[in-house]
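Student: Next comes the sequence, and after it the predicted model I'd like to discuss.
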4 protein chains.
Amino acid sequence: MSAIGFIGLGQMGMPMALNLLKGGHSLKVFDINEAAIQQLVTQGATAAVSPADAALDAEFVVTMLPNGTLVKNVLFGENSVVSALNKDALVIDMSTIHPHETDALIQAMSDKGFAMMEAPVGRTSEHAVRGELLIMAGGTKSQIERAQPLFDCMGSETIDAGGAGKGIRVKIINNYMSIALNALSAEAATLAEAIGLDWDTAMKVMSGTPAGKGHFTTTWPGKVLAGDLSPVFMIDLAHKDLGIALELANQVHVPMPCGAASRELYSAARASGRGRQDWTAILEQLRVTSGLTAKVK
Amino acid sequence: MSAIGFIGLGQMGMPMALNLLKGGHSLKVFDINEAAIQQLVTQGATAAVSPADAALDAEFVVTMLPNGTLVKNVLFGENSVVSALNKDALVIDMSTIHPHETDALIQAMSDKGFAMMEAPVGRTSEHAVRGELLIMAGGTKSQIERAQPLFDCMGSETIDAGGAGKGIRVKIINNYMSIALNALSAEAATLAEAIGLDWDTAMKVMSGTPAGKGHFTTTWPGKVLAGDLSPVFMIDLAHKDLGIALELANQVHVPMPCGAASRELYSAARASGRGRQDWTAILEQLRVTSGLTAKVK
Amino acid sequence: MSAIGFIGLGQMGMPMALNLLKGGHSLKVFDINEAAIQQLVTQGATAAVSPADAALDAEFVVTMLPNGTLVKNVLFGENSVVSALNKDALVIDMSTIHPHETDALIQAMSDKGFAMMEAPVGRTSEHAVRGELLIMAGGTKSQIERAQPLFDCMGSETIDAGGAGKGIRVKIINNYMSIALNALSAEAATLAEAIGLDWDTAMKVMSGTPAGKGHFTTTWPGKVLAGDLSPVFMIDLAHKDLGIALELANQVHVPMPCGAASRELYSAARASGRGRQDWTAILEQLRVTSGLTAKVK
Amino acid sequence: MSAIGFIGLGQMGMPMALNLLKGGHSLKVFDINEAAIQQLVTQGATAAVSPADAALDAEFVVTMLPNGTLVKNVLFGENSVVSALNKDALVIDMSTIHPHETDALIQAMSDKGFAMMEAPVGRTSEHAVRGELLIMAGGTKSQIERAQPLFDCMGSETIDAGGAGKGIRVKIINNYMSIALNALSAEAATLAEAIGLDWDTAMKVMSGTPAGKGHFTTTWPGKVLAGDLSPVFMIDLAHKDLGIALELANQVHVPMPCGAASRELYSAARASGRGRQDWTAILEQLRVTSGLTAKVK
């Protein structure tokens, strides 16, 4: 069992800290919200009066804060972690912040001789309560191994993202996809309702197609990811069908800005001569637009 | 076994007609592409010289055409289906056209005393070849029952969409979702590559979250669809994470227009006071924006 | 003075017809709204019972209708214009319809030996009342010359758009620009208000910059249109400033979907290596994305 | 004539500093680019070895830097401005940075007893060379009055934006509008070219309409800004025309993401019951969407 300084007791940090306590670890906790500290003290934690105090004699310092400026202040500001941290401690930032901030913080810690990794979490506050978070670990293999007992208290799955800074990057990609997809899904569902479709029927159809199952494991592996753009469903037809949907949506007053944006991407793909390529070529199209080297042909 | 007039022998129509032949049906086929007709004749079909000819003495007339104008011409133009059709035949349009065109065609056929249903198909040309299409049937229960033997030759699953016009509507919704999702997925995958993420790692993470599994069967049922907007993941946080992803994407020159559009939807949700609601409230937000009656509260 | 059949007496058509009457022309008018016909009869027009009736003995037939399907029906449907039209009459469609519809209608009329041009109008219903519309004439020079006396009754300015189909095209471009600009302007004005700016101050600044004066006659002629992409204001900086504005807007909950979309265009331009080119290079970027041949270098 | 510390000698800062020298002021200049310093020394400036050095004995310190972090470092970092600044000096930040950064910096300076205002500039590097910048001054009236002789060297017009922080805000609004408009203009021009329009003809039309003249001084003042939403051009028709343009653009493969986004705004306006309001009501629509209080009705 380890001595852990835990800083940041919000909607996520609180249950994470509780699960570390339940796991038998010794916690010294800090937050600007004094009530949150007291709540954990009643569960067996020790109150810290500052980030520095939380870091004193800790084997691990975990930070779970709303933004990168706060993480920076906690680590390097007044009465900060580095002013009290042992050189052999490991700092684990579990916040969701900009990856460039993560990079800079790990570098700055390293410059002072301290070890730091990031381990942002996936899933929801309910998972946090149940200790079933997804841990996206960015650090050396030995750092991840060392932190694993802590991760096992807070989460049910740890993914080694491939090195420092990769944990926060995979988190950002995952959240981008799921958050934007939520909006796109709302567009489809709202249009379905507006045109009088029964939701169960729509669900029944979509649950068996890429609409519900996504493309990553269905349409892409055999086509664009395999370098094969011969069409099983042409860009031209995908573009046509999007056009029908958007025309219909505009007729019934359902704004679909995500879908409208996607249509212009398909239009650009057609302008690039991809009209008769498979619809999965939209990935290749966007890659090239982004300045990445074409993979197919 | 039935006498079927089949009109439209393109990338989809050709294998569908072949599968009807294989199923033992008698086919009279028409297309403007004479070679396509001949190809089917070698497989046992009879050549028709016009839509009218294909319709003559048919129990079913199936149309599989690129757009609504063509379907209209085939049904009502010169030498058209209606000029030869028996009153007890059933016309099945399997094309993907605008639902309002479908509605108008079914009405126009009905006005002349003819029975017509729509049954657009899902999945790809490869599924068409294997007779594994998804049939989205829009018609009366008795029409669907009557057409079922034909559907069983062409597809592996038939969904009763709930009445005339509902088949094409569910098809459009499904295609909207899957086609736009394809573009959004390309954004996430391109950003992942541009920031140096290993795709397998990204996939490993996303396959266990709504990013890969979608929202319809994961986050929505227990929250917004159940009328519960208490947050397990707040709109404010979703908006923040989207902002980080978009800032990162702009720094590495990956255009993400779908995601950028979705961020403005979350921004509107926050402006509507939904910042501390669950992220699934984006559906409720878009419903209200579309003039639908609020379901929650 | 000419004998004119006028079909379509809506918000625009009514004052246009009135101004033709005031100009001394003889009008036979048709609309599905009988009251509109009667209103013009009290002003000296003759009532027509059908499009054919309006066309009978007319030197000109003017159509001003809500969509292309109606124009087609009026020209070619039952009791339609062509059934009664003199071969030496000139049909002038002043409706705003899809240019491809215009092309097809002019061709179809020509195939039957009839002369037709298009002349959609710019400005507003108030200008229509005052006879101050902008006429965008698409036809041969002799057709425009022949129609000029009519145009002079309805408008204050006629532009020869360069041939058949060009009038409707320039109208669509103009309307696209002004209608989308209206939305973009609303984004800027709403953000200005949300951050506490005095509108007069904002206006004072913008009236002296491309924000208020546009780019067509200010930044473009000396740079991108002259083939000079050396930077007076770099794409990179434009992209940066857009980013600040969008971040600010998201902080104060002002959705700016047009601006968000434009930022991704700048991002694509940077990915194409245009970061240090002049901001007017965004035109060249979009041209190339659209498959047009690069003009610069 | 004043003693001025000038920090930041880039594409804009260099000509601005030169014009201050030409105006007879005494300059001590600093940049991380030593060559830039030497270039100004040959024109009569004194070289500073640090921001502190530049600030020593200065009556004014002008900063013109690429981002807010740099401004903060120059003011408060090592060998920074505040370490040497006289209490009666005036710091003028002319950089374009996030307004919240400006607010924080002015506050932080004030907390230490220093006076600071912002004065970002409009127009281009060519205007900077000619001393014809637009100065958007954010500060007290007495600060602006005091800085006016400097502004008169660098610019041809100074606008009192209405207080501290308002200068940078009006700059951001102006740049947002002009930068996004540049992209939108590119969409219209590219479509015009793709459909074969002569640019001079398009320009001739647009120069006389809101497409070229903007809405701020044409359509808005008499309608939405006057609280009058009675239609001279209905939202429904604007939406229809946008739809035609976007359909056309998609047919000829010209991606128009800004216009596509704007169409969804009009669609939302229609969903809100504004279809028969004047098109300028799009401002009111976006204001309400943003949580601002409705002004009309």
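Tutor: Perfect, thanks for sending it.

Student: Skipping adjacent residues, who's closest to the residue of chain A most remote from its centre in space?
Tutor: Going by C-alpha atoms, centre = their mean, the residue of chain A most distant from its centre is residue A:251, 36.2 Å out. Distances taken as C-beta to C-beta, 6 or more residues apart in numbering or on different chains place residue B:100 nearest to residue A:251, at 7.4 Å, with adjacent residues excluded. In this view, the C-beta of every residue, glycine as well, is placed from N, C-alpha and C.

Student: Please apply the same query to residue A:81.
Tutor: Per C-beta to C-beta, 6+ apart, closest to residue A:81 is residue A:55, 4.2 Å.

Student: shouldn't residue A:63 be in contact with residue A:74?
Tutor: Yes - at 5.9 Å, residue A:63 counts as touching residue A:74 under the criterion of C-beta atoms under 8 Å.

Student: Could you pull out the strands in the stretch 151-297 of chain A for me?
Tutor: Taking DSSP state E, counting those that start in this stretch as the test, the strands found in the stretch 151-297 of chain A are A:155-160.

Student: Rounded mean pLDDT for the lengthiest helix in chain A, please.
Tutor: Assignment by DSSP state H gives helix A:166-194 as the longest helix of chain A. The average pLDDT within helix A:166-194 is 98.

Student: repeat for stretch A:279-297
Tutor: 93.

Student: For that stretch, buried residues please.
Tutor: A:279-290, A:292, A:296 (16 or more other C-beta atoms under 10 Å in any protein chain shown).

Student: and if you look at stretch A:126-141?
Tutor: In stretch A:126-141, counting by 16+ other C-beta under 10 Å, buried: A:127-129, A:131, A:133-139.

Student: can you tell if it touches chain B?
Tutor: Yes - applying C-beta under 8 Å from any C-beta of the partner chain, one finds stretch A:126-141 in contact with chain B at A:126, A:134, A:136.

Student: The first one is in what secondary structure piece?
Tutor: Taking DSSP states H and E as the criterion, the element that holds residue A:126 is helix A:125-130.

Student: and what of the last one?
Tutor: For residue A:136, the enclosing helix or strand under DSSP H and E is strand A:133-137.

Student: partners of that strand, with directions?
Tutor: strand A:121-122 (antiparallel), strand A:155-160 (parallel) (DSSP bridges).

Student: for the residues of stretch A:126-141 next to chain B, which one is nearest residue B:174?
Tutor: Distance to residue B:174, by C-beta to C-beta, is smallest for residue A:134 among these, at 29.1 Å.

Student: and the closest one, what does it touch?
Tutor: Contact analysis of residue A:134 by C-beta atoms under 8 Å, 6 or more residues apart in numbering or on different chains lists A:121-123, A:127, A:155-157, A:159, B:205, B:208-209.

Student: redo that, cut-off 10 Å
Tutor: A:120-123, A:127, A:151, A:155-159, A:171, A:174, B:204-205, B:208-209 (C-beta atoms under 10 Å, 6 or more residues apart in numbering or on different chains).

Student: Could you do residue A:83 as well?
Tutor: By C-beta under 10 Å, 6+ apart, the neighbours of residue A:83 are A:50-53, A:55-56, A:75-77.

Student: What separation do you get for it and residue A:49?
Tutor: 13 Å (C-beta to C-beta, to the nearest Å).

Student: ok, for the spatially most central residue of chain A, nearest residue in space, not its chain neighbours?
Tutor: By C-alpha atoms, centre = their mean, chain A has its centre lying nearest to residue A:171, at 2.6 Å. Nearest non-adjacent residue to residue A:171, counting by C-beta to C-beta, 6+ apart: residue A:120, 4.0 Å away.

Student: tally of neighbours for the one you found?
Tutor: 27 (other C-beta atoms under 10 Å in any protein chain shown).

Student: Surely it is in contact with residue A:161?
Tutor: Yes - assessed by C-beta atoms under 10 Å, residue A:120 is found in contact with residue A:161 at 9.4 Å.

Student: Quick check: neighbours shared by those two?
Tutor: Shared contacts of residue A:120 and residue A:161 (C-beta under 10 Å, 6+ apart): A:135-138, A:167-171.

Student: between those, which is closest to chain C?
Tutor: Checking the shared contacts of residue A:120 and residue A:161 against chain C with C-beta to the nearest C-beta, the nearest one is residue A:169 at 18.4 Å.

Student: I figured that closest one was touching residue A:118, is that so?
Tutor: Yes - using C-beta under 10 Å, residue A:169 makes contact with residue A:118 at a distance of 9.4 Å.

Student: who touches the closest residue to residue A:49 other than its chain neighbours in this structure?
Tutor: Counting by C-beta to C-beta, 6+ apart, residue A:49 lies nearest to residue A:30, which is 7.5 Å off, once chain neighbours are set aside. Residues near residue A:30 by C-beta under 10 Å, 6+ apart: A:5-9, A:36-37, A:40, A:47-55, A:61, A:63, A:74, A:79, A:81.

Student: Buried among those? Make that a ChimeraX selection.
Tutor: For the buried members of those, the matching ChimeraX selection, counting by 16+ other C-beta under 10 Å, is:
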select /A:5,6,7,8,9,36,37,40,48,50,51,52,53,54,55,61,63,74,79,81
